[in-house]
Each structure stands twice: as structure tokens, then as C-alpha cells.
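In: Next input, structure requested:
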Amino acid sequence: MAPSQSYEVTVVGGGLGGLTTALALRQRGLRVTVLEQAAELGEAGAGIQTAPNASRVLMGLGLRPQMEAIHTEPLDQVRRRWKDGRIVGLTSLGQRCKDQFNAPYWHYHRADLHRVLLDACVDPAGPGPVVDVHTASKVVELDRTDPERPVAVTEDGRRYAGDVLVGADGIRSRTRDLMGAPDTLLFSGEMAYRALIPGELIAADPATRWLVDRFQSTIWYGPDRHLVHYMIRGGEYLNVVACVPCTDEVAEKWSVSATAQDLVDAFPGWDDRVPAMLSKAKEDVSAFALHHRRRDPVWTDGRVALLGDACHAMLPYQAQGASQAMEDAAVLAEELGAVTSAGVEGALVARSWPRWPRREQELRARWLASCDTEAVTATHRGFESEDFFDWWPSVPGPTALLYGADSPVVTAEGAAEAARLLPSAASVEIPEAGHMLFWDNPAGALAALRQVLRPMLV
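Out: Predicted coordinates for the structure are as follows:
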């Protein structure tokens, strides 16, 4: 018989968030079952960034050697203007992140990181009970006849009972629907192209060779769209994510296949290096609609809890979606590992409330790249100072400017003065990113903006 404190947890979803949760719970001595609906475990062929907050979680699970074997380290984050490629912001990463945050900022192929987590979950030599992983296990029913033993029922009738059930099944979470949580999903009006470009093609072309000479995380900002790219697998691939206004087809279907020409056509008039890069994409280009969730502090119902995109899906502009799921996993394991089965419900509530202010910070951060009514930044739009002030009065909603110690956009002193002068203004610290100044009614604040912010704009 298992020790009384080693109770059972069912995790629905075998993605990065689900497996991080399973591993963290395993190392706390809990018996974990993972139910994944796909026939085979794996992640999409794409890159992923782990900022220090996520790296710290993974290394705390003993994964440093495996991470070192698969990572690519960017030395800088570079922000470029869309029309001419001019650098408008440069933030040192590399050793600075490790020195300042005691954890690295690394890039990976998602499949490589997923494999590291899966191997650690099922490694018989690892600490704690081996995780029981089931594929082809789509959960279609949640039986809570016994509220202390929620049962996940799969499509083929299998039943998995546990003391806790965690829904880590993504933005279209079936667990969320089955527990009766409100529909908080919101469509952003945008979509993202995703592609992996062979590094050998990038290196062979003088127009793009600069991308392999120094590994960087690069963001191009322009009107209504932006482009992110970075190397993974030591330069084997260039990972590309391109956010643009959504087409009717993608909005209806959620995701579709695309082509390199679609990518190129989405950035007309941009610096010549952009089409030179994007035209090298191969047949695995995809486009998917970007959704997020309305802010909601309730992530649990009895012994059923939600995690990651299932409860706080955010837009990808701060590269924090998977990282926040990993933070969730660490906090959940800390709380559940400290109680017996009798204390589960209190532990789940204790997990949610400390995470809520953190969610607020991240949700405000994702405003920065929203293209229409939620929030905007001067650098995101790629405007010069005069263009910015001509355009600003048309913005109908809450507005934000991000600034940090090395920001070319706004200084800490200027933002403090703007917060004093602007109506409904506040300044919020975003850990490991900087600060954000945000306010309502930008048109009404135009005079103050001209007075205070003009000297700070690019």
C-alpha cells in the first residue's frame, strides 16, 4: 500500500505544461497519471523560448544537464524597425541573464524540450513514483459522483479516478468545459504564421548570413504586425513567428497550412532582409488564429483545477505562455506536496491566489503588442515621433508603454512624470521585463503625452 501522503493526481494533457506538472508532482512523491488525447506524444515542429522564470523551474527539477544538451543561447534581444531594419532597442541576454536572474534565457526546439520532460517523467531511476502516461486517451466526461475522487472518462470508456484532477489541456480545454467554467475565450483579430527555416539556407545567402553570425532573438515592429525569429538546435533551424491581421479562413478554421509566399506577401514594403529570410521557408508553414482568455481568478472547483492556457491563455507577444504553465506546475506541486489527500482543496485554493497577481502582470504585458483597442507601444507600431502623435488620437482603448533600464522608448523618470500628469495612469513593475506605464482614454491625454513623452520617443 502506498503511503497516505502519496495520493493520486490525474493530469489531462501531455504537453509541456502537463508534463512539467507531472514531473514536479512526481518529485513530491505523488502518483501521477497523464492522459493525452493524441495517439503519439510530441510537440509541434517549432521553437520555444524559456526566460529565466521558466528556466529556473526546469532546473529546479534537475534538468540542467539535459537542457544544456539541447539549448541554443541568444546573446541579445534586438528590436528592429520594419521599413529599414534600424535597431530601436537592444537588450543583452546571455551571461547577463544568468548573473542577474540566476537562470538563463535559452531557445529550444519544442520537441526536444518535450522529450526531456517525458523521459524524466518515466525514468525508473528518478525520484518519486514513475508517471503513468497514456496516449490516445481523449477525456470526454468528468464523473464527480464522489466529490473527493473525480474520475476522468475517456472516449473509449476507460475511467481514471484520482484525488485531484488537473486540466492542462490547452486553450480549447475540454476539462474546463466539463467542470462548468465560464467561456472566457476571446479572439484577438490576429493570426500567427509559424515556420522553421533550414539554417543552411540562411547561412548560404549573404543577405541572411548575419542571422547565424551571432545568435540573437530578433523582433521586427511595424504597422499592425510584427515578426519574431531566432535560431534553435545550434543554428540548424531559424524559428519564425509572424503576427499579422487574421484572415476570414483562419478565423473560421483556427489553423491552416500556408506557404513561404504567404509569409512574404504578409510583409509588403518591409526591409529587403525580411523577404530574403521568409522566402526560404519550406512546406511546413502554418497559420493559426490567436486567442486569449478574459481575466478570471477562479481556476479550481473542488478537487478539479486548471493550469496554463486552460485557465489564463495569453497572446504570444511576451513568449510567456509555456513559461507561465511551468510556473503554475511548480506552485501546484509545492502546495499539493505539502498536504495529505484531506488537504487538497485548501491547497488548490492556496495555489490560485498567489498566482493571480502574477497573471495580472503577464496579462498587462501582453497588451504591449496588441494591434487595435487594448494597448499599443511606439516601438510596436514602428513609428517615428511625429507619425506617432498623428496616429495616437485614433486609439480608442487603454494604452501602454513598456520601459526598462536600457529602453530607447521611455525613461523611468519620464514615465513617473507622465503617470503624475496623465488621467487614470499607473506604473506597474513587470518582473524580468521592466515597467509598464498604462492609462485610459489616450485621446484625452494627448496634450500631456506631447509634453511628457515626446522627448522619450524614438
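In: Please settle this for me: is residue 192 part of a strand?
Out: Yes. Assigned with DSSP: H, G, I helix; E, B strand; the rest coil, residue 192 falls within a strand.
In: List the contacts of it.
Out: Counting by CB atoms under 8 Å, 6 or more residues apart in numbering, residue 192 makes contact with 241-244, 287-288, 290, 316. All C-beta spots, glycine's among them, are computed from the backbone N, C-alpha and C.
In: Low-confidence regions, the stretch 151-300 of the chain specifically.
Out: For the stretch 151-300 of the chain, applying pLDDT under 70 flags the ranges 297.
In: Return the distance of residue 82 relative to residue 263.
Out: Separation of residue 82 from residue 263 (CB to CB, to the nearest Å): 15 Å.
In: out of those two, which sits in the more crowded spot?
Out: Set side by side, residue 82 and residue 263 show more neighbours around residue 263, with 26 against 20, by other CB atoms under 10 Å.
In: ok, for the more buried one, nearest residue in space, not its chain neighbours?
Out: Nearest residue to residue 263, sequence neighbours excluded (CB to CB, 6 or more residues apart in numbering): residue 278, at 4.2 Å.
In: can you check residue 54 too?
Out: residue 323 (3.6 Å).
In: got the buried residues for the helix or strand encompassing that neighbour?
Out: Assigned by DSSP states H and E, residue 323 falls within helix 321-336. Residues of helix 321-336 classed as buried: 321-333, 335-336 (neighbour count, 16 or more other CB atoms under 10 Å).
In: Can you give the contact residues for stretch 232-241?
Out: Contacts of stretch 232-241 (CB under 8 Å, 6+ apart): 46-47, 70, 72, 107-109, 112, 192-199, 202-203, 211-212, 215, 227-231, 263, 277-278, 281, 316.
In: Quick check: buried residues in it?
Out: 232-233, 237-241.
In: Could you do stretch 266-280 as well?
Out: For stretch 266-280, by 16+ other CB under 10 Å, it's 266-267, 270-271, 273-275, 277-278, 280.
In: May I have the phi/psi pair for the residue nearest to residue 263?
Out: phi -70, psi -30 (degrees, to the nearest 10).
In: And it, how close does it get to residue 229?
Out: Residue 278 is 9 Å from residue 229, by CB to CB.
In: related to what we said a few turns ago, my read: the residue nearest to residue 54 touches residue 51, true?
Out: Yes. Counting by CB atoms under 8 Å, residue 323 touches residue 51, with 5.7 Å between them.
In: ok, which stretches of the stretch 1-150 of the chain are helices?
Out: 16-26, 52-60, 64-70, 94-101, 110-122 (DSSP state H, counting those that start in this stretch).
In: who's in contact with the fourth one?
Out: Okay, so that is helix 94-101. So helix 94-101 is in contact with 52-53, 56, 73-76, 103-105, 432, going by CB under 8 Å, 6+ apart.
In: now do stretch 75-85
Out: Residues from elsewhere that reach stretch 75-85 (CB under 8 Å, 6+ apart): 86-94, 214-223, 267, 269-271, 273-274, 379, 382, 458.
In: how distant is it from the center of its chain?
Out: With CA atoms, centre = their mean, to the nearest Å as the basis, stretch 75-85 stands 21 Å off its chain's centre.
In: buried stuff in it?
Out: Those would be 76-82, for stretch 75-85 by 16+ other CB under 10 Å.
In: repeat for stretch 52-63
Out: Within stretch 52-63, the residues that qualify as buried by neighbour count (16+ other CB under 10 Å) are 52-59, 61, 63.
In: would CSV of these with pLDDT be doable?
Out: Below are those laid out as CSV (pLDDT from 0 to 100):
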residue, pLDDT
52, 90
53, 89
54, 92
55, 94
56, 92
57, 94
58, 96
59, 95
61, 96
63, 97
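In: out of these, who's nearest residue 23?
Out: Nearest to residue 23 among these: residue 61, at 5.5 Å, using CB to CB.
In: Out of the contacts of helix 94-101, which comes closest to residue 124?
Out: Among these, and counting by CB to CB, the member closest to residue 124 is residue 56, at 26.6 Å.
In: wait, the closest one sits on residue 105?
Out: No. Using CB under 8 Å, residue 56 is not in contact with residue 105, being 11.0 Å away.
In: sorry, back to before: in helices, which of the buried residues of stretch 266-280 fall?
Out: Judged by DSSP state H, helices contain the following of these: 273-275, 277-278.
In: what's the distance between stretch 22-37 and the middle of its chain?
Out: Using CA atoms, centre = their mean, the offset of stretch 22-37 from its chain centre is 22 Å.
In: ok, back up a step: next step: the contacts of helix 94-101 restricted to strands.
Out: Judged by DSSP state E, strands contain the following of these: residue 76.
In: from the contacts of helix 94-101, which two are the most distant?
Out: Checked with CB to CB, those reach their widest spread between 56 and 76, with 20.8 Å between them.
In: Just say helix, strand or coil for residue 343.
Out: Three-state assignment for residue 343 (three-state DSSP): helix.
In: What about it, how many residues nearby?
Out: Residue 343 - counted by other CB under 10 Å - has 14 other residues nearby.
In: What separation is there between it and residue 303?
Out: Residue 343 sits 11 Å away from residue 303, taking CB to CB as the criterion.
In: Over to residue 238?
Out: 44 Å.
In: before we move on, what about residue 171?
Out: Residue 171 is 23 Å from residue 303, by CB to CB.
In: List the residues that contact residue 115.
Out: Residues near residue 115 by CB under 8 Å, 6+ apart: none.
In: Please, where are all the strands along the stretch 251-400 of the chain?
Out: Taking DSSP state E, counting those that start in this stretch as the criterion, the stretch 251-400 of the chain contains strands spanning 255-257, 286-293, 300-301, 304-306, 399-403.
In: Tell me which of those strands sits most buried.
Out: Of all those, strand 304-306 has the most neighbours on average by mean count of other CB atoms under 10 Å, namely a mean of 27.
In: Contacts for that one next, please.
Out: Against strand 304-306 from outside (CB under 8 Å, 6+ apart): 142, 144, 150, 164-168, 173, 175-176, 179, 181, 299-300, 332, 348, 351-352.
In: give me every residue that touches residue 219.
Out: Per CB under 8 Å, 6+ apart, neighbours of residue 219: 77-80, 226-228.
In: That one belongs to a strand?
Out: Yes. Counting by three-state DSSP, residue 219 is located in a strand.
In: who's it bridged to?
Out: Beta bridges link residue 219 to residue 79, residue 228 when assigned by DSSP bridges.
In: Look up how far residue 323 lies from it.
Out: According to CB to CB, residue 219 and residue 323 sit 17 Å apart.
In: and what of residue 222?
Out: Distance of residue 222 to residue 323, given as CB to CB: 26 Å.
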